[in-house]
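Student: build me a structure from this.
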Amino acid sequence: MAVVTLTSQNFEAEVMQSDKPVLIDFWAAWCGPCRMVSPIVDEIGAEETSIKVGKVDVDSNPDLAQKFGVMSIPTLIVIKDGKVTQRVVGARPKAALKEMLGL
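Tutor: Residues are numbered from 1 along each chain as shown. Sure, this is the predicted structure:
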C-alpha cells in the first residue's frame with residue numbers, strides 16, 4: 001500500500017477512522033535523521049498490507065504536530081482505533097519499527 005501524505009484536511013478520515021493500525025512519520029525536509037528514516041517507512045508501507053502508513057510534514061501541518069505533542073523529529077506514532085498505542089522519537093532501524101507495529 002502506498003504511503004499517504006497526511007494533512008489537517010485528511011487526517012480524520014485517513015487515521016482516526018482507519019480500520020487498520022496507522023504508522024505516522026512526523027518529519028521535515030530539513031531534518032537529517034528524517035531523511036534516514038523516510039525510506040524505511042516507505043518500505044514498510046510498500047510491504048505491509050495489514051497496516052496503513054502516513055507522513056506528516058510538520059512545517060506544513062504544525063497543528064497536527066502540536067496536537068500530538070511532537071517536539072523533536074522524526075517522531076513515529078502508531079494509532080490504532082483512534083488511540084496512540086506506540087511512540088518513538090529519533091531514527092530507528094526497520095526491525096524496531098516493525099516491532100512497534102507487532103509485525
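
Student: please point out which parts of the top helix by length along the chain sit buried.
Tutor: Among the segments of the chain that qualify as a helix by DSSP state H, the longest is helix 32-47. Buried residues in helix 32-47, counted by 16 or more other Cβ atoms under 10 Å: Cys34, Val37, Ser38, Ile40, Val41, Ile44, Gly45. The C-beta positions use only the backbone N, C-alpha and C, and glycine is treated the same way.

Student: check contacts around the spatially most central residue of the chain.
Tutor: Residue closest to the mean C-alpha point of the chain, counted by Cα atoms, centre = their mean, is Ile24 at 1.2 Å. Residues in contact with Ile24 (Cβ atoms under 8 Å, 6 or more residues apart in numbering) are Leu6, Val15, Val53, Gly54, Lys55, Val56, Leu76, Ile77, Val78, Ile79.

Student: for those, please prepare a markdown table with the additional fields neighbour count and distance to Pro93.
Tutor: Shown next, in a markdown table, are the contacts of Ile24 (neighbours: other Cβ atoms under 10 Å; distance: Cβ to Cβ, whole Å):
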| residue | neighbour count | distance to Pro93 |
| --- | --- | --- |
| Leu6 | 23 | 23 |
| Val15 | 19 | 24 |
| Val53 | 25 | 16 |
| Gly54 | 23 | 20 |
| Lys55 | 20 | 18 |
| Val56 | 27 | 21 |
| Leu76 | 24 | 12 |
| Ile77 | 22 | 17 |
| Val78 | 19 | 16 |
| Ile79 | 21 | 21 |
